[in-house]
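1. coordinates only, no sequence provided:
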């Protein structure tokens, strides 16, 4: 008899308590990544580089193409040239900021294109299966058999030097990798109960892939694609360094490394600046990708 009042009191308290709205998956992911100090620091550095590259014409910088043999290879902290000058007397600060435009475009755009193409191919191969899966994945394995660096050099060499050809070459390099990941995660999802329920309700294959499967596999593919951006940045700089990417006198970090290599014994700090920018952007994308992967793993 003594338990009845306690039970009634607890029921009344539960009914009077305000309802709390449950967080969604992506809201939880966003909250966790915002608490990751390393990821936020890397995102801030990347944001600063992106904004400075976009707003370069309005920053009051020197002309990145204007040189002078009188002021060539000035040291860092020279009055009027905070980061010195290159082998032709051009302002290094202006060339690094303007060079970020080409370097970021050539480094990020191939991953975006490969993400779209690879996700589509992997989704179709993983869901349909059978001979279509075999045809797509065996074709992917042919490209997968070659190291990324050698494949990028071979394709760029066949197409010729240029920004557009570099983007095409890097896209071809990354499509097989993303396709394999997309096919793997799609294969693990296609026989789930919600997919079977969609089939039973009369939904077509395209609707099932677009509505029911894509949302469940996109996160894993996206995280893997972000980890490829750092690789793409390094490969793009390597192609320009070898003369297969951007052509002079365009400012691009890999090409700047090539032109400054002869000055490494005269002014090593200035010669190392393009490499420092490539390293900083690559490591920031890597750490940000790791933080995103940890934030999406809500089971831990």
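-> Perfect, I can see it now. As the structure is a prediction and not an experimental result, all values here were calculated from the model. Numbers count the residues shown, from 1 in each chain.
2. got any ranges where the stretch 1-150 of the chain has weak pLDDT?
-> The model of the stretch 1-150 of the chain has pLDDT under 70 over residues 1-23.
3. helix, strand or coil for residue 75?
-> Under DSSP: H, G, I helix; E, B strand; the rest coil, residue 75 falls in the coil class.
4. if we ignore the residues flanking it in sequence, what's nearest it?
-> What sits nearest to residue 75 in space, not counting adjacent residues and going by C-beta to C-beta, 6 or more residues apart in numbering, is residue 84, at 5.3 Å. (C-beta placed from N, C-alpha, C; glycine too.)
5. measure that neighbour to residue 59 for me?
-> Noted for residue 84: a distance of 18 Å to residue 59, by C-beta to C-beta, to the nearest Å.
6. between these two, who's got more neighbours?
-> Counted by other C-beta atoms under 10 Å, residue 84 and residue 59 do not tie: residue 84 has more neighbours, with 21 against 13.
7. residues contacting the more buried one?
-> Residue 84 makes contact with 73, 74, 75, 76, 77, 78, 92, 267, 269, 270, according to C-beta atoms under 8 Å, 6 or more residues apart in numbering.
8. which two among those are spaced furthest apart?
-> Using C-beta to C-beta, the contacts of residue 84 span at most 13.9 Å, a distance reached by 73 and 77.
9. more crowded one of those two?
-> Between residue 73 and residue 77, residue 73 has the larger neighbour count (other C-beta under 10 Å), namely 17 against 10.
10. and residue 213, how close does it get to residue 124?
-> Taken as C-beta to C-beta, the span from residue 213 to residue 124 is 11 Å.
11. who's more crowded, these two?
-> residue 213 (23 against 20).
12. so that one sits in a helix?
-> Yes. Using three-state DSSP, the assignment for residue 213 is a helix.
13. how many other residues sit next to the spatially closest residue to it that is not a sequence neighbour?
-> If the residues on either side of it in the chain are set aside, residue 213 comes closest to residue 189, at 5.6 Å by C-beta to C-beta, 6+ apart. Residue 189: 18 surrounding residues under other C-beta under 10 Å.
14. could you do residue 95 as well?
-> Residue crowding around residue 95 was assessed by other C-beta under 10 Å; the count is 28.
15. correct me if wrong: it contacts residue 87.
-> No. With contact defined as C-beta atoms under 8 Å, residue 95 does not count as touching residue 87 (11.2 Å).
16. quick check: residue 171 touching residue 115?
-> No. Counting by C-beta under 8 Å, residue 115 is not a contact partner of residue 171; they are 9.7 Å apart.
17. next one: phi and psi at residue 78?
-> Main-chain torsions, residue 78, degrees, to the nearest 10: phi -70, psi 140.
18. OK, contacts around it?
-> Residue 78 touches 84, 85, counting by C-beta under 8 Å, 6+ apart.
19. in the sheet, who's paired with it?
-> Taking DSSP bridges as the rule, residue 78 bridges to residue 81.
20. distance of it relative to residue 296?
-> In this view, residue 78 and residue 296 are 47 Å apart by C-beta to C-beta.
21. now swap in residue 82 and tell me
-> Distance of residue 82 to residue 296, given as C-beta to C-beta: 40 Å.
22. now residue 80
-> According to C-beta to C-beta, residue 80 and residue 296 sit 47 Å apart.
23. between the two, which has more neighbouring residues?
-> Neighbour totals were compared for residue 80 and residue 296, and residue 296 leads with 18 against 9 (other C-beta under 10 Å).
24. residues touching that one, list them.
-> Listed by C-beta under 8 Å, 6+ apart, the contact set of residue 296 reads 29, 219, 220, 223.
25. report all helices and strands that the longest helix along the chain contacts.
-> Looking across the chain with DSSP state H, the single longest helix is helix 92-128. Packed against helix 92-128 by the contact rule (3 or more C-beta pairs under 8 Å, 6 or more residues apart in numbering; DSSP states H and E) you find helix 37-54, helix 130-144, helix 163-189, helix 214-241, helix 253-260, helix 273-296.
26. show me what the fifth one is in contact with.
-> Right, the one you point to is helix 253-260. With contacts defined as C-beta under 8 Å, 6+ apart, helix 253-260 is touched by 86-87, 95-96, 99-100, 103, 236-243, 245-248, 270-271, 273-275, 277-278.
27. the first one too?
-> The contact list for helix 37-54 (C-beta under 8 Å, 6+ apart) reads 33-34, 59, 97-98, 100-101, 104, 277, 280-281, 283-285, 287-288, 290-292, 295.
28. chain center to it, what's the gap?
-> Centroid separation for helix 37-54 versus its chain: 13 Å, with C-alpha atoms, centre = their mean, to the nearest Å.
29. which parts of it are buried?
-> Using 16 or more other C-beta atoms under 10 Å as the test for burial, helix 37-54 gives 39, 42, 43, 45, 46, 49, 52, 53.
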